[in-house]
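# Sequence and predicted structure below; questions after.
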Amino acid sequence: MCPAKYMKTLKSVFTILILTIAAAVAASAQVSLTSLDGARVNVEGQTGKVVVLAIGASWLPLSDKQAEYTNALSKKYAGKNVVFYFVATDSAKTGSKNFATNEEIQKFATENRLTATVLRDPDGAATLKKFNVEQVPSFVIIDKSGRQSGDPFGGIDPKFDITVPISKAIDRLM
C-alpha cells in the first residue's frame, strides 16, 4: 500500500475510533437535571443513597397515580438513605403538544401533594434514553454506587400496587 493510501486509511480508522469513544462517553455520562427552583441535581452522583426516579409527565393521567405511589414510598423510606425524585418529561418547546411550563408542572405537584423534589427533563431526552425507559410513567432505581439497579418499573395499572415490587427492590439495596 502506498504511503498516501495508508495515511488516508489510518486517518479514517482514527476518526471512527474517536467517534466511537465520544458516543460511549456520552452514553455513560451521568444524568444531571434541574429542579423547578433552578438547582442542578446529579441523580447518579449520590453515593451511599438509593435514588428512586418517578419518571412521568404532568399531562399524563396516570402520573396522578404515580405521584400517589411516590408519596407512599417516600413516607415508607423517610429517614433512610433513600431519595425520591419526580422527573417531569413534559416538553419545554412551546410548539409541542406536550408542552408545560414550570408553573404548570408545579401546579401538578401541588395538586397531587407530591413530596418528592420535582426535576425537569424536557422531552425526557436524558432519562428515557439513559435508563432504557420505554413508557411513561415508570420508576427507575439507582443503587448506592450510582448505577441503575435492574430494569425500569414501567407502566402503572391502577389495579396493581406497584409499590410492592419497588419496595422489594429498594430493600435489597439497603
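Looks like it came in fine.
# where along this protein do the strands fall?
According to DSSP state E, the chain carries its strands in the segments 32-35, 40-42, 50-56, 82-88, 117-120, 138-142, 153-154.
# what bits of the protein have low per-residue confidence?
1-29 (pLDDT under 70).
# Would you point out which residue is most central in it?
Thr127 (3.6 Å; Cα atoms, centre = their mean).
# quick one on the thing from earlier: from the strands of the chain, pick the one with the highest average neighbour count.
strand 50-56 (a mean of 26; mean count of other Cβ atoms under 10 Å). In this view, the C-beta of every residue, glycine as well, is placed from N, C-alpha and C.
# and this protein, what are its domains?
What automatic domain parsing lists as the domains of the chain is 1-29, 31-173.
# Give me whichever of these is most buried.
Buried most deeply of the domains of the chain, by mean count of other Cβ under 10 Å, is domain 31-173, with a mean of 17.
# Figure out how far it is from the centre of its chain.
For domain 31-173, the separation from the chain centroid amounts to 6 Å (computed by Cα atoms, centre = their mean, to the nearest Å).
# Helices along the protein, start to end?
3-28, 62-76, 102-111, 125-130, 163-173 (DSSP state H).
# Include distance to Thr94 when you put the strands of the chain into CSV, please.
CSV is the format used below for the strands of the chain (distance: least, Cβ to Cβ, whole Å):
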stretch, distance to Thr94
strand 32-35, 18
strand 40-42, 23
strand 50-56, 21
strand 82-88, 16
strand 117-120, 15
strand 138-142, 26
strand 153-154, 29
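# Relative to Ile105, which of those is closest?
strand 82-88 (4.8 Å; Cβ to Cβ).
# who's in contact with that closest one?
33, 41, 43, 46, 49-58, 66-67, 70, 73-74, 77, 100, 105, 108-109, 114-121, 124, 127, 170, 174 (Cβ atoms under 8 Å, 6 or more residues apart in numbering).
# ok, now stretch 123-135?
27, 31-33, 53, 55, 87, 89, 91-93, 96, 98, 121, 136, 140, 148, 151-152, 154-155.
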